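Participant: take this sequence and fold it.
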Amino acid sequence: MRIAIPAATNKTDGMLDDRFGRCPYFCIFNTETGEIVFKENNHRNGAGGVGPQVSEFLAGNEVAKVFAVEVGPKAKSVLDKFNIQVQTIKYGQTIKQIIETINQ
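Facilitator: Down below sits the predicted model:
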């Protein structure tokens, strides 16, 4: 399964970003292969409707689940449309810590 995590940097020792639609990067973690890829969020500076655009971007990257501090209602609606689950998590963790928790 591919999991997306909003990331403040493109490094695993970087912090979780508390913004979903406007985070600089998404860490996409493949639970089956252990592969970790960072994708730049090219929608983050959009004027509006960023959450739904990001949700479609994640669907196009075959993401099945999102771990985020918060997801807005418009983004959540699009994630639901693509059957992408949302797991809320607490802010203040590194990407590495989140991945370690997922692997337990």
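
Participant: helices of the chain, start to end?
Facilitator: According to DSSP state H, the chain carries its helices in the segments 50-60, 73-81, 95-103.

Participant: redo these as JSON lines? Include mean pLDDT, distance to residue 2 and mean neighbour count.
Facilitator: In short, each C-beta sits where N, CA and C put it, glycine included. As requested, the helices of the chain are arranged in JSON lines below (pLDDT from 0 to 100; distance: least, CB to CB, whole Å; neighbours: other CB atoms under 10 Å):
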{"stretch": "helix 50-60", "mean pLDDT": "96", "distance to residue 2": "9", "mean neighbour count": "20"}
{"stretch": "helix 73-81", "mean pLDDT": "96", "distance to residue 2": "13", "mean neighbour count": "16"}
{"stretch": "helix 95-103", "mean pLDDT": "94", "distance to residue 2": "11", "mean neighbour count": "16"}
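
Participant: distance to residue 35 for the ones you listed - can I get that in CSV?
Facilitator: Compiled in CSV, the helices of the chain are given as follows (distance: least, CB to CB, whole Å):
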stretch, distance to residue 35
helix 50-60, 16
helix 73-81, 22
helix 95-103, 11
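
Participant: residue 58 touches residue 4, doesn't it?
Facilitator: Yes. At 5.0 Å, residue 58 counts as touching residue 4 under the criterion of CB atoms under 8 Å.

Participant: can you list residues touching both of those two?
Facilitator: Residues touching both residue 58 and residue 4 (CB atoms under 8 Å, 6 or more residues apart in numbering) are 26, 66.

Participant: the residue located most distally from the centre of the chain and residue 53: what is the separation?
Facilitator: Centroid-distance maximum for the chain: residue 47 at 20.0 Å, with CA atoms, centre = their mean. According to CB to CB, to the nearest Å, residue 47 and residue 53 sit 11 Å apart.
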